[in-house]
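A.B. asks: give me the fold of what follows.
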Amino acid sequence: KKELRRNYWDRKGVLRFEYVKCMHNPHDELQAIANLDSDVIRAGSRIYVVDLKWLIKWIDFAVYGCQTPGPISNDRLVGRKTGKVKKAVKYNKHWRPVSEQVFKYLHTMYTGQPVIWFDGPSLEDLYIPPPQEEVKEVKKEEKTGDGEGEEETKG
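C.D. replies: Sure, this is the predicted structure:
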């Protein structure tokens, strides 16, 4: 398949070009994601993980028309030997969650590996019972008549 030349302005205002296998339309992709992402992630649904660096590249592309981000790369989130998500990986620093619909759209457009997902908490796990207010009896202090707290007057 012949590669296409795509011109774009980078964030510093320099006209650049890249060769791409298929032409992506930033406006259309941003609109599609906005439509898919308008729904909340439901209890018990599958939640996908996207590397924050890749997501920022995609946002630069979709909002500013910058270079396309390339395949989704979650490699830095996973240990090479274990193939499991690293313990040091932090939400909002290294990755962001996206709904299944958003991930499937992005993965269809960009492919990429590894695909990381987890099942969100169930509705029962999310249930927090309302706090029970304790009813305390308020006892009135009896006056002893010893004059505590009263000023003495000299006359």
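
A.B. asks: who does the most centrally placed residue in the chain bridge with?
C.D. replies: Centrality entry for the chain: nearest residue to the mean C-alpha point is residue 96, 3.8 Å, by C-alpha atoms, centre = their mean. Assessed by DSSP bridges, residue 96 has beta-bridge partners residue 50.

A.B. asks: surely it touches residue 50?
C.D. replies: Yes: in this structure residue 96 lies within contact range of residue 50 using C-beta atoms under 8 Å: 5.7 Å. C-betas here are computed from N, CA, C, even on glycine.

A.B. asks: so who does the residue nearest to the centre of the chain touch?
C.D. replies: For residue 96, the residues meeting the contact criterion (C-beta atoms under 8 Å, 6 or more residues apart in numbering) are 49, 50, 52, 55.

A.B. asks: can you redo these as a markdown table with neighbour count, distance to residue 91 and pLDDT?
C.D. replies: What follows is the contacts of residue 96, written out as a markdown table (neighbours: other C-beta atoms under 10 Å; distance: C-beta to C-beta, whole Å; pLDDT from 0 to 100):
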| residue | neighbour count | distance to residue 91 | pLDDT |
| --- | --- | --- | --- |
| 49 | 22 | 9 | 95 |
| 50 | 23 | 12 | 97 |
| 52 | 17 | 9 | 97 |
| 55 | 16 | 13 | 97 |
